[in-house]
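>>> Turn this into a structure:
(2 chains)
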Amino acid sequence: MSATSKHALGFRVIAECSKTKGRTGVLSLPHADVETPVFMPVGTQGTLKGLLPDQLEKLNCHLILGNTYHLGMRPGPEVLEKAGGLHNFMNWKKALLTDSGGFQMVSLLELSEVNEEGVKFVSPYDEREILLSPEKSIEIQNAIGADIIMQLDDVVSSTVSGPRVEEAMHRTIRWLDRCIKSHQKPQKQNIFPIVQGGLDSELRKKCVEELVKRDVPGFAIGGLSGGEAKDMFWSMVHITTDFLPPKKPRYLMGVGFAVDLVVCCALGCDMFDCVFPTRTARFGCALVDSGQINLKNRIFAEDFRPIDEQCTCTTCKRYHRAYLHSIVTKETVACHLVTVHNIAYQMSLMKSIRDSIKSDKFPVFVQEFMLKVYPKKDYPKWVTDALAAVNINLQ
Amino acid sequence: MFTFGSLLILRRKYLRKQLLARTMKFSVLQQGPDESRLGNLSELWKDSEKIGDFQTPLCLLYSRAGSIPHLTNEVLQYLNKPIIPVVFPLPSIVGLIEPAKKYGHGIGKFVGLEEYPVYISVQDPVEPAPSGYNDKSGISVWSTGGRVRLNVDQFMAAVESFRPAFYQVLCDSDTPQDSSRKRLTHSVERSLVHLDKCLEKHLRSDKLKNTAVFGSVVGGFSPDARKKSAMQTVLRPVDGFVIDGFHWNNSDLGLLNTFEQMLPILKETVTLLPSDKPRVLHGVLPPDMILEAIKCGIDLFDASYAFAVTERGGALMVPVSIGNSPGNILIKDGLKPLNSHFKYEIDLKNEIYREDFSPILEGCACYTCRQFSKAYIHHLLNTSEMLAFVLLMLHNLHNFLSFFSIIRELISKGELDKLQF
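The predicted structure follows:
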């Protein structure tokens, strides 16, 4: 284990790709050893959209995400504290990660106001004015008790530019210090700082330089995947991973499309989260290598094949598209079935990535994968560029 | 309309069918108090394999749109109960007739429940069927897509493509309590015509040669109409009976008001039926009504009650063990009503469960009670999370099915009278 013993986290890189920045390793957390690169499904309110915790474990999913904003509202930190933390409350024995709550403030609430103190907002449940300060965020996250917690950051939309971006970057660093200071359980919970700096490579670099001065167990890359142009997205990820220390895990927030995952693994990221696979499942969309299929489509009404013939999930082993077609968006069972498949898809994609890095065949895997997604080789420019930057030629 | 001659022809034809039949067997193992009985249902056919035995009184699993509500096959296995036949209400699967026909392996396999014997009921015990849409040629069922009319040919084609182990024959059971005599007469006579036509098709069908047929005894709340329906139906070579037409396909409380008036009619009707064939009563029936119906001689029910309780965020608290083991209510003391309307459940949406970290029912062996607290389920309901209904369904089904186990155990010990509500 390379991390200092005062953190409740170990990170061991097992293999590195000889061509790209991709690597595979083991992240040792209080509740689980997690193989990286890892995709973390999002269980917003202390449950992963209709699935039993046991089903998730059977899907080899050992690290899921909870949202501090939602959990802080309902059931609230007092209940979670009394329950002995979210692990006990929801009966989840493996590892958890919580965000800081800041992102939901900015994305969900119109009435939020950010100042040096924190984020002020009006509760949608009882209309009280609430201040989410760095200290408050950590207090709630301490009550939740996740293995990895996030600092409160000053979130600026990735489409905003100018002095606000720089202000947010500096404030994020000041807030990190307040978060670290108020963190009550550093021996049980690992706090990750968040690299900000918008789409400005100088600001990103400056931010990383400041963050690495603090003794932190890992890093998150924030402020991306929010609607910015894809060439900006990948080049920011590329620059940031160049600056980050190689021995600590890197968590790229809000990324979960298969193509993005493959590219960003090549760029050296280790952890990802996204609501997409579970959200799209609720609309009847199932993930396959060529993208996704919408099971509501009439063409599936008499299609007696499973979603994916290669897939070994409990849904594909038993159910066919015709039945799913008849119940998607109507019955909760359909949600559960497609959610199981979509998580299985994400888990299997990440395993393929890890396995190919271990056998140093990752570049070939990337080429084959992209060919499955784009059989006509009409690769988006950003994908070609990003992969070329780490020595993979798609043409 | 039923001349002696035509009946003779029917009987001759049917006699042959009964000799050839390889379908379902039923025997009464033990008589309990009143008309209650412990029975054994066996040789339910699923494709070419026999399934059984199932002891009665039995609660069949309730499905809608082909699934046990909220439970995928994977999660259904957490119920940890042996395989039980599943009721597929026709209205909820009427849209699957064509795809199931093309599929060709029956509705059970089509919906991922291939291990479970399939039983098709004509109406859905939970969904109200609007009155006034049946006529001479057939009946209406109400699916999510609206009204679907079915005549005998269409109905039998559906049964052939679904390939159930047993099914309720097409019947006109649209007889609300205020039905006119004319309506009751139509209900009885048309149901018999449907039955004869269905039987004729059934006997000629190679696909249905292992499938058992249940005739419907209809006639609403009229003892005379019931009597006529029962006496005519028993003359046909049916393998069992569904006592239908109390017009209570509904999950609300309206049902409770008509139950008292229904009971003597049910009792009277069942005495007209042969004792060696199983009798079905559908409906969202709470435990005390189930017990009363069992005492009238009913053998098979459905689990729609557990579903209805789940849908309103309720958790069942029916005592499920005999004696004074920890956490269980003594059966001989009966159950104190938990509130005036819903005697057997607690409302987990209630704020009082916010910090209640104990299981729903202390000592309950179900997966939900072994793993999760009331506070957690309260939170899931409060945040409209789907897992709430998964966990409640697992508990409620477990609790309701265990209640039936207790009843069977008490009958076999000759102690059913001890169970009082």
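
>>> OK, contacts around the residue of chain B found nearest chain A?
Among all residues of chain B, B:Met386 sits closest to chain A, at 3.6 Å; criterion: CB to the nearest CB. For glycine as for every other residue, the C-beta is placed from the backbone atoms N, C-alpha and C. By CB atoms under 8 Å, 6 or more residues apart in numbering or on different chains, the residues touching B:Met386 are A:Thr47, A:Lys49, A:Gly50, A:Thr332, A:Cys335, A:His336, B:His70.

>>> same check, this time on B:Leu416
B:Leu416 neighbours (CB under 8 Å, 6+ apart): B:Gly32, B:Pro33, B:Ser36, B:Ile294, B:Lys295, B:Ile407, B:Leu410.

>>> Of all the contacts of B:Met386, the one with the weakest confidence?
Here the lowest pLDDT out of those sits on A:Lys49, with 92.

>>> and that residue, how many neighbours does it have?
24 (other CB atoms under 10 Å in any protein chain shown).

>>> Could you do A:Arg171 as well?
Other residues close to A:Arg171 by other CB under 10 Å number 19.

>>> Could you say which helix or strand holds it?
helix A:163-182 (DSSP states H and E).

>>> these two touch, right, B:Cys171 and B:Ser121?
No. Using CB atoms under 8 Å, B:Cys171 is not in contact with B:Ser121, being 10.3 Å away.

>>> any shared contact partners between these two?
The contact sets of B:Cys171 and B:Ser121 overlap at B:Val242 (CB under 8 Å, 6+ apart).

>>> any low-confidence regions in chain A?
Counting by pLDDT under 70, chain A has low-confidence residues at A:1-5, A:109-111.

>>> Now do the contacts for A:Gly222.
Contact partners of A:Gly222, counting by CB under 8 Å, 6+ apart, are A:Asp153, A:Val155, A:Ile194, A:Val195, A:Gln196, A:Met253.

>>> Starting from A:Thr159, give me the distance back to the nearest residue to the last one once chain neighbours are set aside.
Meaning A:Met253. Nearest residue to A:Met253, sequence neighbours excluded (CB to CB, 6 or more residues apart in numbering or on different chains): A:Gly222, at 5.1 Å. Applying CB to CB, to the nearest Å, the value for A:Gly222 to A:Thr159 is 15 Å.

>>> just A:Asn391 next, same as before
31 Å.

>>> who has more neighbours, B:Cys171 and B:Ser121?
A direct count of neighbours by other CB under 10 Å for B:Cys171 and B:Ser121 places B:Cys171 higher, at 29 against 26.

>>> Helices of the stretch 101-250 of chain A, start to end?
A:102-108, A:134-144, A:163-182, A:201-211, A:230-243 (DSSP state H, counting those that start in this stretch).

>>> Export the first one to CSV, keeping only CA atoms.
Taking only C-alpha atoms (Å, rounded to 0.1, in the frame of the first residue of the first chain), the coordinates of helix A:102-108 have been written out as CSV:
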residue,chain,number,x,y,z
GLY,A,102,-22.8,21.1,-3.7
PHE,A,103,-23.6,19.9,-7.2
GLN,A,104,-27.3,19.3,-6.4
MET,A,105,-27.6,22.8,-4.8
VAL,A,106,-26.5,24.4,-8.0
SER,A,107,-28.2,22.0,-10.4
LEU,A,108,-31.5,21.4,-8.7
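
>>> quick one: it to chain centroid distance?
16 Å (CA atoms, centre = their mean, to the nearest Å).

>>> Stretch B:414-421 now?
23 Å.

>>> Can I get that stretch in PDB, CA atoms only?
This file holds the C-alpha atoms of stretch B:414-421, laid out as PDB (Å, rounded to 0.1, in the frame of the first residue of the first chain):
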ATOM      1  CA  GLY B 414     -57.900 -30.700  14.100                       C
ATOM      2  CA  GLU B 415     -57.400 -27.300  15.800                       C
ATOM      3  CA  LEU B 416     -58.700 -24.800  13.200                       C
ATOM      4  CA  ASP B 417     -61.300 -23.600  15.700                       C
ATOM      5  CA  LYS B 418     -58.500 -22.200  17.800                       C
ATOM      6  CA  LEU B 419     -57.900 -19.600  15.100                       C
ATOM      7  CA  GLN B 420     -60.200 -16.700  15.800                       C
ATOM      8  CA  PHE B 421     -60.200 -13.100  14.700                       C
END
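
>>> tell me the mean pLDDT for it?
Computed over stretch B:414-421, the average pLDDT equals 82.

>>> before we move on, the earlier item: quick check on the contacts of B:Leu416: which are buried?
Neighbour-count burial (16 or more other CB atoms under 10 Å in any protein chain shown) is assigned, among the contacts of B:Leu416, to B:Gly32, B:Ser36, B:Ile294, B:Lys295, B:Ile407, B:Leu410.

>>> So which of those residues sit within helices?
Residues of the buried ones among the contacts of B:Leu416 located in helices (DSSP state H): B:Ile294, B:Lys295, B:Ile407, B:Leu410.

>>> Leaving aside the residues adjacent along the chain, what's closest to the second one?
Pointing back at B:Lys295 there. Of all residues not flanking B:Lys295 in the chain, B:Asp34 sits nearest, at 4.0 Å (CB to CB, 6+ apart).

>>> For the one you found, list the residues it contacts.
Neighbouring residues of B:Asp34 by CB under 8 Å, 6+ apart: B:Lys295, B:Cys296, B:Gly297.

>>> wait, doesn't the last one sit right on B:Arg37?
Yes. B:Gly297 is in contact with B:Arg37 according to CB under 8 Å; the separation is 6.6 Å.

>>> Assign the most centrally placed residue in chain A to helix, strand or coil.
With distances taken as CA atoms, centre = their mean, the residue of chain A nearest its centroid is A:Asp273 (1.5 Å). For A:Asp273, the secondary-structure state derived from DSSP: H, G, I helix; E, B strand; the rest coil is strand.

>>> any idea where the helices of chain B begin and end?
Taking DSSP H as the criterion, chain B contains helices spanning B:4-20, B:73-76, B:90-93, B:97-103, B:106-110, B:152-162, B:181-204, B:223-233, B:254-271, B:287-295, B:304-311, B:367-371, B:374-382, B:387-412.

>>> which residues touch the fifth one?
For helix B:106-110, contacts defined as CB under 8 Å, 6+ apart pick out A:320, A:322-323, B:46-47, B:66, B:86, B:88, B:93, B:96, B:99-100, B:103, B:114-118, B:120, B:161-164.

>>> Can I have the buried ones of these as a ChimeraX selection?
Burial among the contacts of helix B:106-110 is assessed by 16+ other CB under 10 Å; the matching ChimeraX selection reads:
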select /A:320,322,323 /B:46,66,86,88,93,96,99,100,103,114,116,117,118,120,161,162,163,164
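
>>> Find me the pLDDT at the residue of chain B most remote from its centre, would you?
Centroid-distance maximum for chain B: B:Glu355 at 36.9 Å, with CA atoms, centre = their mean. Per-residue confidence (pLDDT) for B:Glu355: 97.

>>> For it, which residues are in contact?
A:Val79, A:Lys82, B:Ala375.

>>> Make CSV from these and add neighbour count and distance to A:Ile148 to it.
Supplementary listing: the contacts of B:Glu355 in CSV, determined by neighbours: other CB atoms under 10 Å in any protein chain shown; distance: CB to CB, whole Å:
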residue, neighbour count, distance to A:Ile148
A:Val79, 19, 22
A:Lys82, 17, 23
B:Ala375, 21, 25
